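Peer 1: structure for this input, please:
(chains A and B)
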Protein chains: 2
Amino acid sequence: MISSTTSLLAPVDNDLQILTDNLKKLIGARHPILGAAAEHLFEAGGKRIRPAIVLLASRATMPEHNLTERHRRLAEITEMIHTASLVHDDVVDEADLRRNVETVNNLFGDKIAVLAGDFLFAQSSWYLANLDNLQVVKLLSEVIRDFAQGEIVQSINRFDIHASIDSYLDKTYYKTASLMANSAKAAAVLSDASAEVTEDLYSYGRNLGLAFQIVDDILDFTGSTEVLGKPAGLDLASGKLTSPVFYALEQQPYLKVLIERKFSEPEDLSKALELVKNSDGIEQARQLAKDLALQAAQSLSSLASSDSKNALNELTNYAVSRLY
Amino acid sequence: MISSTTSLLAPVDNDLQILTDNLKKLIGARHPILGAAAEHLFEAGGKRIRPAIVLLASRATMPEHNLTERHRRLAEITEMIHTASLVHDDVVDEADLRRNVETVNNLFGDKIAVLAGDFLFAQSSWYLANLDNLQVVKLLSEVIRDFAQGEIVQSINRFDIHASIDSYLDKTYYKTASLMANSAKAAAVLSDASAEVTEDLYSYGRNLGLAFQIVDDILDFTGSTEVLGKPAGLDLASGKLTSPVFYALEQQPYLKVLIERKFSEPEDLSKALELVKNSDGIEQARQLAKDLALQAAQSLSSLASSDSKNALNELTNYAVSRLY
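Peer 2: Below you'll find the model as predicted:
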């Protein structure tokens, strides 16, 4: 799957290699403990979708499709913020594995994970301020705020069958789509793109981010441990109600009972997984993801033609292709 | 002690009341869990020295000694950043009590404490960006970076008798003095003060912050649990080597042995405390704190006379008066 993403991201393949090297230098050089954590984090085989979007949006909006140093730094900041949020999420969720790799809290303990996440957030704030563009600072500080908000809403809404698909989509915007939306927009700001293109890239990131997350939701029901890098059904087991569940709840009243008692009886969880699979929930979620990916693709119409624009467009297909 | 601080801060007493009310509104309104944590944090009887310095530096540098809304917001941001760092420090240090009050991790658990700290950092970043002053953004993002750095250095240097008083003072700058130095400077920037006044307020905050911390170091050896809000000797017990210890190590070779074996034998800790008390370490640290407080006072000479300048000056006396 990684190699298919790589060819998809061909226009920025070299840029992503430079980014990975830079991130290790920026983070790892300071302290041995962080060095180990950084090596671990930035080696962990991530698909680098987020910085790839920034780099592609940057190239697509620059007159000659060339990157500036500030565009590269923006992509690095984006990946730092994303990684920081993952490290703290894994502490809060007590997660042992991510993408089949042990988490920082699992390897080094919660304390180091709190420190490492704080350090990454702090470094990203500092590099951000030193981009010397107040509008970009505001866009990315909005992302950091949305992350914290999303994580809190998610904690509160565990096992809450009264939450709605709308509040779920808000949470998903905060936790996933805000970063893609605001960082793509920030890339356009650094390119001095028109207001139309700038807003269109925001919409692109927003809709693509939501589509990616909803596909992940579905794969939690349909995927294998091997593909997911974590056991299937984990979201539901931990009380995270995702898009297929909200749709399934409309058809399967007994699902409410199982969730409300937090799967406390034997077989409750496997019954609940069956009820979701036997409803239209997964199909409805799939349709929603396809609609969002289509909207993302349509947002690109104001951009001039380029390899990078084509790659951004291909990413919208890739997002939903993971379902098949 | 709090009432003596209050009269000391008379020129900004009302401002501090407004600040406390605003902080509860800014943080508490969003979510019930955070509301409880915010209420707890901002009620906890803190002396509000940090925002007081910002408010006093603001009034002292404004032509008519009046505050703008942006000065007030800067003071709030300063307290938010400080509070966020305390919340995460307490997770990392597994602290149960702070200022005689239960910590957030103790009351609500580590997960909520990680979330609450992240939320406070995120809010402060957002309000900071919206002050619309790139220089101020840079100054405060430097503080956030220094915090993370200081906490890491402190974690690494536990029980490390090869660390020096200089590396200790660097750590103390990162964890304590950077916030006072950069936020006092930022207040002057918002006032459009001269470059001389702006740099002098940086020096004031730096030296005062170091003095405050060194006095706290001494009180950890000489104070009672009641006054400290935590058991005496706790720094040393947890391997945090502070200024009196670095001085004492020069005179008491056996102290090295005790620290290197991490007080693993019975009576090791009480022996070590005795060795520090029977050395000149406490007196040398006291002298250092007095020198730093004096340097802080001298940095105020470029400021025009005002009640606020007087209060800033009095704070330098207050910092060391806590020793007597």
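Peer 1: quick one: the strands in the stretch 51-200 of chain A?
Peer 2: Assigned by DSSP state E, counting those that start in this stretch, the strands in the stretch 51-200 of chain A fall at A:97-98, A:101-102.
Peer 1: out of those, which is closest to B:Ile218?
Peer 2: Nearest to B:Ile218, of all the strands of the stretch 51-200 of chain A, is strand A:101-102, at 42.9 Å by Cβ to Cβ. (Glycine included, C-beta is placed from N, CA and C.)
Peer 1: what is the rounded mean pLDDT of the closest one?
Peer 2: Mean per-residue pLDDT for strand A:101-102: 82.
Peer 1: adjacent strands (with direction) for it?
Peer 2: Strand A:101-102 has its sheet partners listed here by DSSP bridges as strand A:97-98 (antiparallel).
Peer 1: what about A:Ala195, how many residues nearby?
Peer 2: Using other Cβ atoms under 10 Å in any protein chain shown, A:Ala195 has 8 neighbouring residues.
Peer 1: do you know how far it is from chain B?
Peer 2: Relative to chain B, A:Ala195 is positioned 20 Å away (Cβ to the nearest Cβ, to the nearest Å).
Peer 1: now that residue: how far from A:Val143?
Peer 2: 20 Å (Cβ to Cβ, to the nearest Å).
Peer 1: next one: A:Ala95
Peer 2: 22 Å.
Peer 1: quick one: low-confidence parts of chain A?
Peer 2: A:1-6, A:28-33, A:44-46, A:225-231 (pLDDT under 70).
Peer 1: got the residues of it near chain B?
Peer 2: A:30-34, A:88, A:91-92, A:110-112, A:114-115, A:117-119, A:121-123, A:125-126, A:128-130, A:132, A:134, A:137-138, A:141-142, A:144-145, A:147-149, A:151-153, A:155-156 (Cβ under 8 Å from any Cβ of the partner chain).
Peer 1: what's the closest of the strands of the stretch 51-200 of chain A to A:Ile18?
Peer 2: Closest among the strands of the stretch 51-200 of chain A, using Cβ to Cβ: strand A:101-102, at 22.8 Å.
Peer 1: surely A:Lys262 forms part of a strand?
Peer 2: No. Counting by DSSP: H, G, I helix; E, B strand; the rest coil, A:Lys262 falls outside a strand, being coil.
Peer 1: correct me if wrong: it contacts A:Gly239.
Peer 2: Yes. When contacts are counted by Cβ atoms under 8 Å, A:Lys262 is listed as touching A:Gly239 (6.7 Å).
Peer 1: residues shared between the contacts of the two?
Peer 2: Shared contacts of A:Lys262 and A:Gly239 (Cβ atoms under 8 Å, 6 or more residues apart in numbering or on different chains): A:Phe159.
Peer 1: related to what we said a few turns ago, give me the ChimeraX select line for the residues of chain A next to chain B, limited to the buried ones.
Peer 2: Selection command for ChimeraX covering only the buried members of the residues of chain A next to chain B, criterion 16 or more other Cβ atoms under 10 Å in any protein chain shown:
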select /A:30,31,33,34,88,91,92,110,111,112,114,115,117,118,119,121,122,123,125,126,128,129,130,134,137,138,141,142,144,145,147,148,149,151,152,153,155
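Peer 1: where helices are concerned, which of the residues of chain A next to chain B count?
Peer 2: Secondary structure of the residues of chain A next to chain B is defined by DSSP state H; positions in helices are A:32-34, A:88, A:91-92, A:110-112, A:114-115, A:117-119, A:121-123, A:125-126, A:128-129, A:134, A:137-138, A:141-142, A:144-145, A:147-149, A:151-153, A:155-156.
Peer 1: what about the residue in the stretch 151-300 of chain A that chain B sits nearest to, distance to B:Ala163?
Peer 2: Using Cβ to the nearest Cβ, the closest approach of the stretch 151-300 of chain A to chain B is made by A:Ile152 at 5.4 Å. Relative to B:Ala163, A:Ile152 is positioned 38 Å away (Cβ to Cβ).
Peer 1: ok, longest helix in chain A?
Peer 2: helix A:195-222.
Peer 1: now the angle from that one to helix A:134-156?
Peer 2: 20 degrees (axes from the mean of the first three to the mean of the last three Cα atoms, to 10 degrees).
Peer 1: if you count neighbours, what's buried in helix A:195-222?
Peer 2: Those would be A:197-198, A:200-221, for helix A:195-222 by 16+ other Cβ under 10 Å.
Peer 1: mind listing what A:Leu107 touches?
Peer 2: A:His40.
Peer 1: any idea how many residues pack against A:Ala38?
Peer 2: Counted with other Cβ under 10 Å, A:Ala38 comes out at 25.
Peer 1: how much space between the nearest residue to A:Ala37 once chain neighbours are set aside and A:Leu34?
Peer 2: Leaving out its chain neighbours, the residue that sits closest to A:Ala37 by Cβ to Cβ, 6 or more residues apart in numbering or on different chains is A:Ala116, at 4.5 Å. Using Cβ to Cβ, A:Ala116 is found at 6 Å from A:Leu34.
Peer 1: cool, A:Leu26 as well?
Peer 2: Plainly put, A:Leu26 is 11 Å away from A:Leu34 if you go by Cβ to Cβ.
Peer 1: just A:Leu255 next, same as before
Peer 2: In terms of Cβ to Cβ, A:Leu255 sits 44 Å off from A:Leu34.
Peer 1: what of A:Ala84?
Peer 2: 12 Å.
Peer 1: before we move on, what about A:Arg99?
Peer 2: Applying Cβ to Cβ to A:Arg99 and A:Leu34 gives a distance of 20 Å.
Peer 1: A:Ser308 now?
Peer 2: 33 Å.
Peer 1: equivalent analysis for A:Leu179, please.
Peer 2: Counting by Cβ to Cβ - A:Leu179 and A:Leu34 are separated by 22 Å.
Peer 1: number of residues surrounding the residue nearest to A:Ala37?
Peer 2: 29.
Peer 1: how many residues are close by A:Ala272?
Peer 2: Around A:Ala272 there are 23 residues (other Cβ under 10 Å).
Peer 1: residues touching it, list them.
Peer 2: A:Ala272 touches A:Leu236, A:Leu255, A:Leu258, A:Ile259, A:Phe263, counting by Cβ under 8 Å, 6+ apart.
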